[in-house]
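Asker: need a 3D model of the following:
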Amino acid sequence: MNGIALLIPIALGLGLAGLFAFHWALRVGQFDDPEGAAIRILLDDEPVERDSHAS
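Answerer: The predicted structure is shown next:
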């Protein structure tokens with residue numbers, strides 16, 4: 001019974017911390033461009049130059 005009395009406040013605290021972190025991420029703009037990263041991964045970067053000295 002004492003374990004539950006300890007675990008419930010810890011669980012509520014972790015839940016509130018996660019909610020606070022999510023709210024902070026929204027305010028800072030972490031989710032402003034969700035499609036950008038998905039599209040950027042498909043685009044080619046600069047072409048890789050091959051080393052002419054390698055055999």
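Asker: can we go C-alpha only for contacts and neighbour counts from here?
Answerer: Fine.
Asker: relative to Leu12, how far out is Gly3?
Answerer: 14 Å (Cα to Cα, to the nearest Å).
Asker: which one's more surrounded, these two?
Answerer: Neighbour tally, Gly3 and Leu12, criterion other Cα atoms under 10 Å: the higher count belongs to Leu12, 11 against 7.
Asker: element containing the more buried one, please.
Answerer: Leu12 belongs to helix 2-28 when assigned by DSSP states H and E.
Asker: mind checking how far that helix is from the chain centre?
Answerer: Distance of helix 2-28 from the chain centroid (Cα atoms, centre = their mean, to the nearest Å) equals 18 Å.
Asker: distance of Ile4 from Gly18?
Answerer: Noted for Ile4: a distance of 21 Å to Gly18, by Cα to Cα.
Asker: what about those two, which has more around it?
Answerer: Neighbours were counted for Ile4 and for Gly18 using other Cα under 10 Å; Gly18 has more, 12 against 9.
Asker: tell me the average confidence for the helix or strand following the helix holding Leu12?
Answerer: Reading on from helix 2-28 to the C-terminus, the next helix or strand found by DSSP H and E is helix 34-40. Mean pLDDT, computed over helix 34-40, is 77.
Asker: pull the CA atoms of helix 34-40 into CSV?
Answerer: Output of helix 34-40 as CSV, limited to C-alpha atoms (Å, rounded to 0.1, in the frame of the first residue of the first chain):
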residue,chain,number,x,y,z
PRO,A,34,6.3,18.7,-40.1
GLU,A,35,6.3,18.0,-43.8
GLY,A,36,9.7,19.7,-44.5
ALA,A,37,11.8,16.9,-42.9
ALA,A,38,9.9,14.2,-44.8
ILE,A,39,10.5,15.9,-48.1
ARG,A,40,14.1,16.9,-47.4
